[in-house]
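>>> Sequence first, predicted coordinates after that:
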Amino acid sequence: MRNTANSGFYKFLNWAAIALLVYSVLVAVGTVSGGFKLASGGSEGAKEIFAFATNPFIALLLGALATALVQSSSTVTSVIVGLVAGGLPISIAIPMIMGANIGTTITNTLVSIGHIRSKEEFQRAFAASTVHDFFNLLAVAIFLPLEIMFGFLQKLAEYLSHMFVGDADLSLKSYNFVKPLVKPAVGTIKDALGFLDGKMLGVAMVIAGIGLILFAVTALGKLLKKALVGKAKDILHSALGRGPIAGIGSGAAVTIMVQSSSTTTSLMIPLAGSGVFTTRQIYPFTLGANIGTTITALLAATSITGPAAEVALTIALVHVMFNVFAVTLIYGIPVLRELPLRLAEKLAQIGANNKPAALGYVLGSFFVLPGIIMMAVR
């Protein structure tokens, strides 16, 4: 009886900590937004600060590199939402969001390296991990040029966000319970840094907010794994092999549960390496993880109020639509659907026969090449 009571108490503490960390993410995003406004002097200053990233390709690399470094697209997209609310132009933020999709694939690719001692296991695991890489690269190759030419994601997201928060009669602002909850904590952080002033205060708030996001998202992922990873594994096992729709839906559900696409995709790599499931079976589950991870940016957008609320929701919706449209288009067209699979299997074959080449792919694609290009352009 006592063990049952203790177990219930620890579960309560775990979920209380999860709630506190969700609140911390909201506070952190509000802090980044407020700090960026102070540091940049408004939207015009923000444009100057990010002038080096006005090239969409550089913004894409910045998003990919930042995500690869922190190994969390949830963290990077939350920061981007805060920056957009603080004045970062959406035209720069959209390629950054797309880059975050590319950078997040590094975690499961690193997990596959754990199978490197066995050639057969490594080939299966590396193929299952890099199919995510190639899908996201293909998605960006298709949608970034279309977005640059037509701006359809931004326009559609602006229309939808205006429906939710733009009109006085239909606005959700009057129902926004987040602002009164978040505002005191953001104010406390600002007051704690009150020995600084002007732009220095703004910079300090941005740094504090990013630090809090890093801590909160990382800790949240660990607690959610502890609370839900058993259920997530059950969903994974029951869904894989039941067809693409079940795989995509289950991948999204598991990612929403654990708040980490990296966790979702990494759970699958050992199963692929051991031969329990094929890359083709795991492929749809990976795509569902792309969709599920967008919930974090939507959550972050709820912490933004006032005139910036609409633009914050816009970039969060861009993240959702980019992933949903990419899955629909690429997986819906057989020729496109097969391309990431074939490229992943070919790369895995090369990597299994030449393991330094596999390591070179990971380091070069995610760190060295983006860093060199960005420094050269700057």
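In hand now; what should we look at? Computed from a prediction, not measured in an experiment: that's the story for all the values here. Numbers count the residues shown, from 1 in each chain.

>>> Grab the nearest non-local neighbour of the residue nearest the centre of the chain.
Centroid check for the chain by Cα atoms, centre = their mean gives Ser73 as the closest residue, at 2.7 Å. Leaving aside its sequence neighbours, Ser73 sits nearest to Thr104 (Cβ to Cβ, 6 or more residues apart in numbering; 3.7 Å). For glycine as for every other residue, the C-beta is placed from the backbone atoms N, C-alpha and C.

>>> how many other residues sit next to that neighbour?
When counting by other Cβ atoms under 10 Å, one arrives at 31 neighbours for Thr104.

>>> any idea of the pLDDT on it?
Listed pLDDT for Thr104 reads 84.

>>> and it, what are its phi and psi?
With angles defined as degrees, to the nearest 10, Thr104 shows backbone torsions of phi -70, psi -20.

>>> quick revisit: make sure the residue nearest to the centre of the chain is actually in contact with Asn101.
Yes - the pair Ser73 and Asn101 passes the contact test of Cβ atoms under 8 Å, sitting 6.6 Å apart.

>>> Tell me where the stretch 201-350 of the chain has helices.
Assigned by DSSP state H, counting those that start in this stretch, the stretch 201-350 of the chain shows helices spanning 244-258, 261-273, 279-292, 295-301, 308-332, 334-353.

>>> now what about whichever helix or strand comes after the last one, what contacts it?
Going down the chain from helix 334-353, the next helix or strand is helix 355-363, by DSSP states H and E. Among residues not part of helix 355-363, those counted as contacts by Cβ atoms under 8 Å, 6 or more residues apart in numbering are Ile106, Thr109, Leu110, Ile113, Ile116, Phe122, Phe126, Thr130, Leu347, Ile350, Gly351, Ala352.

>>> on that earlier part again, in JSON lines: the helices of the stretch 201-350 of the chain, plus mean pLDDT and mean neighbour count.
Shown next, in JSON lines, are the helices of the stretch 201-350 of the chain (pLDDT from 0 to 100; neighbours: other Cβ atoms under 10 Å):
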{"stretch": "helix 244-258", "mean pLDDT": "84", "mean neighbour count": "22"}
{"stretch": "helix 261-273", "mean pLDDT": "77", "mean neighbour count": "24"}
{"stretch": "helix 279-292", "mean pLDDT": "90", "mean neighbour count": "26"}
{"stretch": "helix 295-301", "mean pLDDT": "84", "mean neighbour count": "24"}
{"stretch": "helix 308-332", "mean pLDDT": "93", "mean neighbour count": "22"}
{"stretch": "helix 334-353", "mean pLDDT": "94", "mean neighbour count": "17"}
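
>>> Those helices: which one's closest to Asn55?
helix 308-332 (18.5 Å; Cβ to Cβ).

>>> quick check: angle from the closest one to helix 244-258?
Relative orientation of helix 308-332 versus helix 244-258 (axes from the mean of the first three to the mean of the last three Cα atoms, to 10 degrees): 150 degrees.

>>> report the angle between the axes of helix 308-332 and helix 279-292?
170 degrees.

>>> packing partners for helix 308-332?
Packed against helix 308-332, as judged by 3 or more Cβ pairs under 8 Å, 6 or more residues apart in numbering; DSSP states H and E, are the following elements: helix 73-85, helix 90-103, helix 119-150, helix 152-165, helix 244-258, helix 279-292, helix 295-301, helix 334-353.

>>> between those helices, which one is nearest to Tyr23?
Between the helices and strands packed on helix 308-332, helix 295-301 lies closest to Tyr23; by Cβ to Cβ that is 10.7 Å.

>>> Pull up the gap between Ile333 and Ile291, please.
18 Å (Cβ to Cβ, to the nearest Å).

>>> Pick the one among the contacts of helix 355-363 closest to Gly86.
Of the contacts of helix 355-363, the one sitting nearest to Gly86 (Cβ to Cβ) turns out to be Ile106, at 27.4 Å.
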